[in-house]
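Colleague: what's the 3D shape of this:
(one chain, ligands or ions: 3)
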Amino acid sequence: MTTIKLAIQKSGRLSEGSMDLIRRCGIKVKNGIGKLKAEASNFPIEFLFLRDDDIPGYVQDGIADIGIIGENVMVEEDRDVTVLHKLGFSRCRLSIAVPKGDQYNGVKDLQDKSIATSYPKILKNYLDEHGVVADIHEISGSVEIAPSIGLADAVCDIVSSGSTLFQNGLKEVEKIFYSEAVMVGSPNMAEEKMELVRKLLFRIKSLQTAESNKYILLNAPEKSIEKIKAVLPGMRSPSILPLAEPGWVSLHSVINENDFWEKIEELKEAGAEGILVVPIEKMIN
Ligand SMILES: Nc1ncnc2c1ncn2[C@@H]1O[C@H](COP(=O)(O)OP(=O)(O)OP(=O)(O)O)[C@@H](O)[C@H]1O
Ligand SMILES: O=P(O)(O)OC[C@H]1O[C@H](OP(=O)(O)OP(=O)(O)O)[C@H](O)[C@@H]1O
Ligand SMILES: [Mg+2]
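Modeller: Ligands and ions are numbered 1, 2, ... in the order given. As a prediction, this is how the structure comes out:
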């Protein structure tokens, strides 16, 4: 029987989001804890738990069929892999930062400076684009400490909340790359494997659609139905059920969460009462 191999970060910033996604797809992982390999009991998939930087190479070489990595690692590793889908978690950016007290007027100020980073290729591309020549000092971790120990004048590293920069007395001066977790695949996957990957992606997309939509239930006088439909144009054909009280109905529909917050006052003015907004677990269009 055909199975697909999915490479996931063993432990780190992508691990929880990756495993959570798999679980929410209804896939049950057997004997995964502490192991470097695991399989699922109800989907033909095997999991390989690896260092994230190694995943693009493994997918390129077909050791794994698909993998979950940050776009930053995908671009930095520059392997022959294709993005199958954006996953929306582990969002961060790659930024250049300098000591808080330094004068900084623009990227030209980095000319001839030394910059510590774990992302030499992305940094070099950025500097090249801006016609700046700097000494790129590659280190594999704890990059933010580099200026305070005299290793470099600046750093280029991952930023999310900014607290690591702050704790190390650095200020963010250039945001050079935005990243989120993506599923990548080998470009030469056999059709039977691709078929399984499509099934997995279908489940993932259903979860993502569900997350951005809510099920809405509200009560309204019959005469308000048209007004309410005008407030929520997305509500194309709501289900309308009569209430025990004559002249009143209950409207049910699906709306985009962002629309809802903008429209709540108008809905109430149009006559809506007892509004309930309920999360949707899965949504198939
Ligand atoms: N603070 C953060 N917030 C959100 N996403 C992050 C953050 N830090 C890193 N990431 C994303 O998660 C990925 C993995 O980060 P992590 O720090 O776990 O990597 P690592 O230390 O290189 O791990 P490994 O040991 O597997 O090589 C990064 O490449 C990036 O895409
Ligand atoms: O802007 P912040 O919210 O502070 O996040 C940024 C930090 O997060 C990551 O490190 P992580 O905490 O994963 O530790 P690591 O150095 O072991 O990778 C990254 O390498 C930054 O150092
Ligand atoms: Mg790594």
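
Colleague: in the stretch 1-150 of the chain, which spans are strands?
Modeller: Using DSSP state E, counting those that start in this stretch, the strands assigned to the stretch 1-150 of the chain run over residues 4-9, 29-30, 37-40, 45-50, 66-70, 82-86, 92-99, 114-117, 135-138.

Colleague: let's have those in a markdown table, adding distance to ligand 3.
Modeller: Every C-beta, even on glycine, is put in place using the N, C-alpha and C of the backbone. What follows is these, written out as a markdown table (distance: least, CB to the ion, whole Å):
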| stretch | distance to ligand 3 |
| --- | --- |
| strand 4-9 | 8 |
| strand 29-30 | 22 |
| strand 37-40 | 19 |
| strand 45-50 | 10 |
| strand 66-70 | 9 |
| strand 82-86 | 19 |
| strand 92-99 | 13 |
| strand 114-117 | 13 |
| strand 135-138 | 13 |
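
Colleague: do you know which of the ones you listed lies nearest ligand 2?
Modeller: Of all these, it is strand 92-99 that lies closest to ligand 2, at 6.8 Å by CB to the nearest ligand atom.

Colleague: residue with max distance from the center of the protein?
Modeller: Pro246 (47.7 Å; CA atoms, centre = their mean).

Colleague: right, so the strands of the stretch 1-150 of the chain: which one is the most enclosed?
Modeller: Neighbour counts (mean count of other CB atoms under 10 Å) averaged over each of the strands of the stretch 1-150 of the chain peak at strand 66-70, with a mean of 27.

Colleague: check whether that strand contacts ligand 1.
Modeller: Yes: for strand 66-70 and ligand 1, the contact criterion (CB under 6 Å from any ligand atom) is met by Gly70.

Colleague: what is the mean pLDDT for that strand?
Modeller: What strand 66-70 shows for mean pLDDT is 98.

Colleague: that one vs strand 4-9, what angle?
Modeller: Going by axes from the mean of the first three to the mean of the last three CA atoms, to 10 degrees, strand 66-70 is angled at 20 degrees with respect to strand 4-9.

Colleague: that older thread, among the strands of the stretch 1-150 of the chain, which comes closest to Lys229?
Modeller: Distance to Lys229, taken as CB to CB, is lowest for strand 82-86 among the strands of the stretch 1-150 of the chain, at 32.9 Å.

Colleague: other SSEs contacting that closest one?
Modeller: Judged by 3 or more CB pairs under 8 Å, 6 or more residues apart in numbering; DSSP states H and E, the packing partners of strand 82-86 are strand 181-185, helix 191-212.

Colleague: possible to save the ones you listed as CSV with distance to ligand 1?
Modeller: As requested, the helices and strands packed on strand 82-86 are arranged in CSV below (distance: least, CB to the nearest ligand atom, whole Å):
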stretch, distance to ligand 1
strand 181-185, 7
helix 191-212, 18
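
Colleague: the bottom helix or strand of the chain by mean pLDDT?
Modeller: Within the chain, confidence by mean pLDDT, DSSP states H and E is lowest for helix 257-269 among all helices and strands, at a mean of 84.

Colleague: export that one as PDB, just CAs?
Modeller: Extracted C-alpha coordinates of helix 257-269, given in PDB (Å, rounded to 0.1, in the frame of the first residue of the first chain):
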ATOM      1  CA  GLU A 257     -15.600  36.600  11.300                       C
ATOM      2  CA  ASN A 258     -14.200  40.000  10.300                       C
ATOM      3  CA  ASP A 259     -17.400  41.000   8.600                       C
ATOM      4  CA  PHE A 260     -19.300  40.100  11.800                       C
ATOM      5  CA  TRP A 261     -17.400  42.500  14.100                       C
ATOM      6  CA  GLU A 262     -17.900  45.300  11.600                       C
ATOM      7  CA  LYS A 263     -21.700  44.700  11.200                       C
ATOM      8  CA  ILE A 264     -22.900  43.900  14.700                       C
ATOM      9  CA  GLU A 265     -24.400  47.300  15.500                       C
ATOM     10  CA  GLU A 266     -26.200  47.500  12.200                       C
ATOM     11  CA  LEU A 267     -27.500  44.000  12.800                       C
ATOM     12  CA  LYS A 268     -29.000  45.100  16.100                       C
ATOM     13  CA  GLU A 269     -30.500  48.200  14.500                       C
END
